[in-house]
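A.B. asks: quick one, structure for this:
(one chain, ligands or ions: 1)
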Amino acid sequence: MRIDILSLFPEIIKSSLEHSIIKKALKKDLISIKYHNIREYSKNKQKKVDDYQYGGGSGMVLMIQPIYDCIKILKEDREYSNIIYLTPDGEKLNQSSSNKFSLSKNIILICGHYKGVDHRIREHLVTHEISIGDYVLSGGELAAAIFCDSIIRLIPGVLGNESSALTDSFQDNRLSEPIYTRPENYKGLKVPKILISGNNKDIERWRDKKSLERTKKYRPDLL
Ligand code: 6GU
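C.D. replies: Take a look at the predicted model:
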């Protein structure tokens with residue numbers, strides 16, 4: 001998979017995707033991420049990328065020209081099935097849409113800033129508008145990093161143990177069960193006995209029960 005990210009502040013995203021699992025996926029060439037600073041595509045002498053909005057109103061709007069040109073150049077070299085604009089008024093990302101996006105070959109991500117982008121970009125260039133939740137961030141960069149992390153870890157070969165993504169919370173619309181590691185007893189705080197019993201069937205049943213209990217308690221909307 002190749003991901004091209006258009007942003008005014010690519011460093012914010014880059015630094016979030018240079019560690020741990022994602023770093024390994026990059027090293028193994030399971031994915032490549034290219035960063036494009038929108039400002040570098042501006043044809044304006046002062047490298048201006050934003051302007052006031054037509055009709056009046058506060059806040060600057062990202063102009064269409066730099067984003068249009070950058071996408072045009074990228075499209076000359078390969079096809080993109082998903083051109084995604086990250087925006088709080090987009091469709092909310094969830095595990096099911098992450099699974100779908102993780103199957104893409106090439107993705108373009110557009111990070112808005114200030115008031116947002118000229119709406120013609122959304123009307124004519126973008127295929128999906130994605131939000132990461134009902135709250136507003138200063139820009140799309142952190143949302144882009146979250147989007148990338150959530151889909152990259154689902155690409156086969158990225159996680160060491162293939163099954164570990166399948167047992168994540170949300171994969172079957174359930175929260176995951178509680179997990180523990182050594183020591184068995186820490187200052188009197190004990191690990192549930194069943195997990196040390198060695199009885200795999202009982203452990204499986206216990207995990208299933210706990211997962212359901214936690215979902216009922218914290219996210220009944222999932223059931
Ligand atoms: Cl994708 N962008 C911004 N700026 N704020 C958000 C968001 C995205 N998702 C939730 N809040």
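A.B. asks: tell me the bridge partners for the nearest residue to residue 7 once chain neighbours are set aside.
C.D. replies: Excluding the flanking residues, the one nearest residue 7 by CB to CB, 6 or more residues apart in numbering is residue 111, at 4.0 Å. All C-beta spots, glycine's among them, are computed from the backbone N, C-alpha and C. Taking DSSP bridges, one finds residue 86 as the beta-bridge partners of residue 111.
A.B. asks: ok, residue 111 - contacts?
C.D. replies: 5-9, 13, 86, 139-141, 143-144 (CB atoms under 8 Å, 6 or more residues apart in numbering).
A.B. asks: hmm, 10 Å instead?
C.D. replies: With contact taken as CB atoms under 10 Å, 6 or more residues apart in numbering, residue 111 is in contact with 5-10, 12-13, 38, 62, 84-87, 117, 137, 139-145.
A.B. asks: just the buried residues from these, in ChimeraX please.
C.D. replies: This is the ChimeraX syntax for the buried subset of these, where burial follows 16 or more other CB atoms under 10 Å:
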select :5,6,7,8,9,10,12,13,38,62,84,85,86,87,117,137,139,140,141,142,143,144,145
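A.B. asks: out of the contacts of residue 111, which are inside strands?
C.D. replies: The strands, defined by DSSP state E, take in 5-7, 62, 84-87 from the contacts of residue 111.
A.B. asks: contacts for the worst-scoring helix or strand of the chain on mean pLDDT, please.
C.D. replies: When each helix and strand of the chain is scored by mean pLDDT, DSSP states H and E, helix 163-166 comes last, with a mean of 74. Helix 163-166 is contacted from outside by 95, 98-99, 102, 153-156, 158-159, 171-172, using CB under 10 Å, 6+ apart.
A.B. asks: now list the buried members of those.
C.D. replies: Buried among the contacts of helix 163-166 by 16+ other CB under 10 Å: 95, 98, 102, 153-155, 158-159.
A.B. asks: same list (those) but as TSV, adding pLDDT, distance to the ligand and secondary structure.
C.D. replies: Shown next, in TSV, are the buried ones among the contacts of helix 163-166 (pLDDT from 0 to 100; distance: CB to the nearest ligand atom, whole Å; DSSP: H, G, I helix; E, B strand; the rest coil):
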residue	pLDDT	distance to the ligand	secondary structure
95	96	16	helix
98	97	14	helix
102	97	18	coil
153	96	19	coil
154	95	19	coil
155	95	21	coil
158	94	23	coil
159	92	25	coil
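A.B. asks: farthest pair within these?
C.D. replies: Maximum pairwise distance among the buried ones among the contacts of helix 163-166 (CB to CB): 15.5 Å, between 95 and 158.
A.B. asks: do you know how far the residue lying farthest from the centre of the chain is from the ligand?
C.D. replies: Most distant residue from the mean C-alpha position of the chain: residue 188, 39.2 Å away (CA atoms, centre = their mean). From residue 188 across to the ligand, the span is 42 Å (CB to the nearest ligand atom, to the nearest Å).
A.B. asks: many thanks, have a good one.
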